[in-house]
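Student: Got a predicted model here, sequence first, then my questions.
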Amino acid sequence: MSQPRPCKVGLFRVVSWRRKEHAMNDNSIISLKKFTATAGVSPVTVWRWRRAGWLPTIIIAGKPYLSSEAIAEFKQRAERGDFAKPVMAGPRRG
């Protein structure tokens, strides 16, 4: 199988999880560390997404996990552009 290809959505990358979706059923969970590696983003970025409420986590034995439903919802919102910031025009210099 080929590696997942990142695509640009808004201001951050979202990875195609096509091959991972086959293995996930409705009740599966994934560790936040594994999600970070799979998505190709830094742990700080994932921390910010959690703090903003974009990635609801489940704490099991003191470690954060994500449900497949939370990942699917996050992907849908990212593809729609819900997380993209509006472009702000800078001050005009004359």
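Tutor: Arrived safely.
Student: where in the chain is pLDDT low?
Tutor: 1-26, 94 (pLDDT under 70).
Student: And the helices in it?
Tutor: Shown for the chain, the helices assigned by DSSP state H span residues 18-23, 32-39, 43-51, 68-80.
Student: So for the third one, what gets flagged as buried?
Tutor: Neighbour counts using 16 or more other Cβ atoms under 10 Å place Val46, Trp49 of helix 43-51 among the buried residues. In this view, the C-beta of every residue, glycine as well, is placed from N, C-alpha and C.
Student: Am I right that Ile71 is in contact with Ile30?
Tutor: Yes. With contact defined as Cβ atoms under 8 Å, Ile71 counts as touching Ile30 (7.1 Å).
Student: Settle it for me: which of these two has more neighbours?
Tutor: When neighbours are counted by other Cβ atoms under 10 Å, Ile71 and Ile30 differ, and Ile71 comes out ahead with 21 against 18.
Student: distance of the more buried one from Ala78?
Tutor: 10 Å (Cβ to Cβ, to the nearest Å).
Student: for Ser28, same thing?
Tutor: Relative to Ala78, Ser28 is positioned 20 Å away (Cβ to Cβ).
Student: Show me which of the two is the more surrounded one.
Tutor: It is Ala78, of Ser28 and Ala78, that has more neighbours when counted by other Cβ under 10 Å, with 19 against 14.
Student: returning to that earlier point: for Met88, which of the helices of the chain is the nearest?
Tutor: Closest to Met88 of the helices of the chain, according to Cβ to Cβ: helix 43-51, at 19.2 Å.
Student: Between helix 32-39 and the closest one, find me the angle.
Tutor: Our comparison of helix 43-51 with helix 32-39, counting by axes from the mean of the first three to the mean of the last three Cα atoms, to 10 degrees, yields an angle of 110 degrees.
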